[in-house]
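> need a 3D model of the sequence below.
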Amino acid sequence: MEFVLEAKQLSKVYQDKLALKGLNLQIRAGEIFCLLGQNGAGKSTTINLFLGFITPTSGAAYINGLEVARNVTEVKKYLAYIPENVMLYPNLTGLENLALFSSLAGFDYSKEELMEYLVRSGLPAEAASRRVGGYSKGMRQKVGIAIAVAKHAKVLLLDEPTSGLDPKASNEFSELLLRLSDAGTGIFMATHDIFRSKEVGTRVGIMREGELVDVLPAADLEANELEKLYLNHMHI
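The predicted structure is shown next:
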């Protein structure tokens, strides 16, 4: 499979508002694509189209070669999603949440295997048996990463994952993403975090008013250059 995620002339109109305009995008296995843009630029709309939460007005989104709108249930097998606030069951422990979500994806792991996924994802072993309701945002994200790994997701979609994280937690999250990338997961991250985009991204895209206006190899830019370019595109 050449591309694990692809958009072909993908567009979405809400009533008379154009939220996404003719997006063309391809992401390969192991690539981290970071999408920068202001609130309302179309980043979350793009993610929701890939998740099958909404249907495109025109064009198509593909996951692992399958058109999302025609295969909403099927593509879920290949996808993991971490929103700004990871949705877990607060009255269950980290271990119980991972057991539940991996079983829903068709996997039956032993307690030892589940614990290994959590620890590999950076969650302290002692925290795995505590209720998620008492977790920090960074800890919930680590459970989210463990779920992605346990279900062997080919594509990971992230919406503002570093928002509200302290520098240590943000750095740990970046390291987890790089490990997933090395293992072949294709990652699409919508973010405001220019520094993190430069640090972990393979490519960085800039979106304005529903349109992808620039795509650059992250290695070619310093963080301050990327910030300047981003601000120029925003006309600030």
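
> hey, let's count contacts and neighbours off CA atoms from now on
Noted.

> so for stretch 124-133, mean pLDDT?
With pLDDT averaged residue by residue, stretch 124-133 scores 94.

> also stretch 33-45?
Rounded mean pLDDT across stretch 33-45 is 91.

> any idea how far it is from the chain center?
Distance of stretch 33-45 from the chain centroid (CA atoms, centre = their mean, to the nearest Å) equals 12 Å.

> ends of it, what's the gap?
One end of stretch 33-45 sits 16 Å from the other (CA to CA, to the nearest Å).

> contacts for that stretch?
Residues from elsewhere that reach stretch 33-45, judged by CA atoms under 8 Å, 6 or more residues apart in numbering: 12, 19-20, 27, 159, 187-194, 197, 201-211, 230.

> who's in contact with stretch 221-234?
Residues outside stretch 221-234 that contact it (CA under 8 Å, 6+ apart): Leu36, Ile194, Phe195, Lys198, Ile206, Arg208, Val213.

> I meant stretch 138-153, not that one.
Contacts to stretch 138-153, defined as CA under 8 Å, 6+ apart, come from residues 77-82, 86, 88, 94, 97-98, 101-102, 105, 107, 114, 117-118, 120-123, 132, 156, 161, 165, 169-170, 173, 176, 180, 185.

> show me those residues that map onto strands.
Cross-referencing these against strands under DSSP state E gives Leu79, Ala80, Tyr81, Ile82, Leu156.

> got JSON lines for those residues, with distance to Gly59, neighbour count and pLDDT too?
Listed next are the ones in strands among the contacts of stretch 138-153 as JSON lines, based on distance: CA to CA, whole Å; neighbours: other CA atoms under 10 Å; pLDDT from 0 to 100:
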{"residue": "Leu79", "distance to Gly59": "20", "neighbour count": "23", "pLDDT": "93"}
{"residue": "Ala80", "distance to Gly59": "23", "neighbour count": "22", "pLDDT": "92"}
{"residue": "Tyr81", "distance to Gly59": "22", "neighbour count": "22", "pLDDT": "92"}
{"residue": "Ile82", "distance to Gly59": "25", "neighbour count": "22", "pLDDT": "90"}
{"residue": "Leu156", "distance to Gly59": "22", "neighbour count": "23", "pLDDT": "95"}
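
> got the residues you listed as a markdown table, with distance to Met234 columns?
Converted to a markdown table, these look like this (distance: CA to CA, whole Å):
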| residue | distance to Met234 |
| --- | --- |
| Leu79 | 31 |
| Ala80 | 30 |
| Tyr81 | 27 |
| Ile82 | 26 |
| Leu156 | 27 |
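
> from the contacts of stretch 138-153, which would you call buried?
For the contacts of stretch 138-153, a burial check counting by 16 or more other CA atoms under 10 Å picks out 77-82, 86, 88, 94, 97-98, 101-102, 114, 117-118, 120-123, 132, 156, 161, 169-170, 173, 176, 180, 185.

> tell me how far the closest residue to Asp182 other than its chain neighbours lies from Leu177.
Nearest non-adjacent residue to Asp182, counting by CA to CA, 6 or more residues apart in numbering: Gly30, 6.0 Å away. Note on Gly30: its distance to Leu177, by CA to CA, is 10 Å.
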